[in-house]
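J.: Need the 3D shape of this:
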Amino acid sequence: MRIRPLAALSVAALSAVLLAGCTTTGAPDADPTPSGTGAADLCAAAVGPGEASDAITVEGETGAASTVTFTAPLTIDALQSTPIVEGEGDALATGDYVNYALSAFNAETGELLGNLGYEPGELLPQPISPESPIGQIVGCAAPGSRFVATFPPTDTNTGEVYVFDILSVTPTAAWGESQEPVDGMPAVEVADDGQPSVEIPEGDAPAELEISVLKKGDGIAVAEGDTTLLQYYGVDWETGESFDSSWANGAPYSNDGNQYVEGFVDALVGQTVGSQVLVVIPPALGYGEAGSSDHELAGKTLVFVIDILATQHALQ
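T.: Residues are numbered from 1 along each chain as shown. Here you go, the predicted structure:
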């Protein structure tokens, strides 16, 4: 398990913390177990407390940045994790997307290295598993829990102390309020698990970009340059067949900086987390006109149903 490097840690550097199972720029290969299963294995994965983690006093309310007190330098021989606050509700399970926040401290000096995740848009939720860093620190604890974890020094880093707050679990499908459909747009049906299907209307494909909000979320808005966690279902207007889908791939997806085709990005920016967006993308805003490239989707009008699950703002 690796959660470092955090030498000379800043908020910018903290954005790289806990990314062992985080944002990818290629096709997702995760196949998490659905929420509500695998709790026993996750409980067993927790490393548990030790002399170092038990020696730390944590002050502050869960859900807000904390302070710690310990005798420095703190000797840390192994990863340890001590529960500070017990949360309420359902225990975490393998495959849950966990919203978390943290405060980090230098174990030799007690210096605060940084806080991250306490403001909206600072961190994406992470899938939890027995192998993930968060899973090994918090196990199957319920949201609202707080832990203090200690990390031994390495060849390049001093020992470090983290306070982890488990804030909530993000649904893996849009949860916003349903909106009236727009006439002339493709019809969308949603299965019980959130996976959509699309029916293309009769007639020619539109020549311009068309965007319709199917569900309006209650979260923060996606900004230019964000990295957004989403589910998507892509359909070829001409054939009505799906050519790509995060649902079929087995997990929500994110791409660093939302580096998608222009029409897809236009459908994301300004929309709120929790929303479901339907977009029809003409070739010029997709993969180009027919013959402009060798891409198999060149010349195609694309239809996407996008569920916006979370967004992380670009560092300033």
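J.: Does residue 43 lie in a helix or a strand, and which?
T.: helix 39-45 (DSSP states H and E).
J.: Now do that helix, average pLDDT.
T.: The average pLDDT for helix 39-45 rounds to 86.
J.: Check the contact between residue 235 and residue 245; I expect there is one.
T.: No: the criterion here is Cβ atoms under 8 Å, and residue 235 misses it with residue 245 at 9.0 Å. C-beta coordinates here come from the backbone N, C-alpha and C atoms, glycine included.
J.: can you give me the helices in the stretch 51-200 of the chain?
T.: All helices of the stretch 51-200 of the chain, identified by DSSP state H, counting those that start in this stretch, fall at 51-54, 133-138.
J.: Redo these as TSV? Include mean neighbour count and mean pLDDT.
T.: Shown next, in TSV, are the helices of the stretch 51-200 of the chain (neighbours: other Cβ atoms under 10 Å; pLDDT from 0 to 100):
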stretch	mean neighbour count	mean pLDDT
helix 51-54	18	98
helix 133-138	25	94
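J.: export those helices to JSON lines and tack on distance to residue 159?
T.: As requested, the helices of the stretch 51-200 of the chain are exported to JSON lines (distance: least, Cβ to Cβ, whole Å):
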{"stretch": "helix 51-54", "distance to residue 159": "8"}
{"stretch": "helix 133-138", "distance to residue 159": "15"}
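J.: ok, back up a step: so for residue 235 and residue 245, which sits in the more crowded spot?
T.: Neighbours per residue (other Cβ atoms under 10 Å) separate residue 235 from residue 245, with residue 235 holding more: 26 against 18.
J.: for the chain, which spans come out with low pLDDT?
T.: By pLDDT under 70, the weakly predicted segments of the chain are 1-39, 316.
J.: and the closest residue to residue 206 other than its chain neighbours, how many residues sit next to it?
T.: In space, and not counting its chain neighbours, residue 206 is closest to residue 280: 5.6 Å by Cβ to Cβ, 6 or more residues apart in numbering. Number of residues near residue 280 (other Cβ under 10 Å) recorded here: 25.
J.: on contacts alone, who are the packing partners of whichever strand or helix holds residue 280?
T.: In the assignment (DSSP H and E), residue 280 maps to strand 276-281. The contact analysis (3 or more Cβ pairs under 8 Å, 6 or more residues apart in numbering; DSSP states H and E) places strand 276-281 against strand 210-216, helix 262-268, strand 302-312.
J.: before we move on, the earlier item: so which of the helices of the stretch 51-200 of the chain comes closest to residue 262?
T.: helix 133-138 (34.6 Å; Cβ to Cβ).
J.: Only alpha carbons, please: show the helix holding residue 43 as PDB.
T.: Extracted in PDB, the C-alpha atoms of helix 39-45 (Å, rounded to 0.1, in the frame of the first residue of the first chain):
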ATOM      1  CA  ALA A  39     -18.600  -6.100   4.200                       C
ATOM      2  CA  ALA A  40     -17.000  -9.000   6.100                       C
ATOM      3  CA  ASP A  41     -13.900  -9.000   4.000                       C
ATOM      4  CA  LEU A  42     -13.700  -5.200   4.300                       C
ATOM      5  CA  CYS A  43     -14.000  -5.300   8.100                       C
ATOM      6  CA  ALA A  44     -11.200  -7.900   8.200                       C
ATOM      7  CA  ALA A  45      -9.000  -5.700   6.000                       C
END
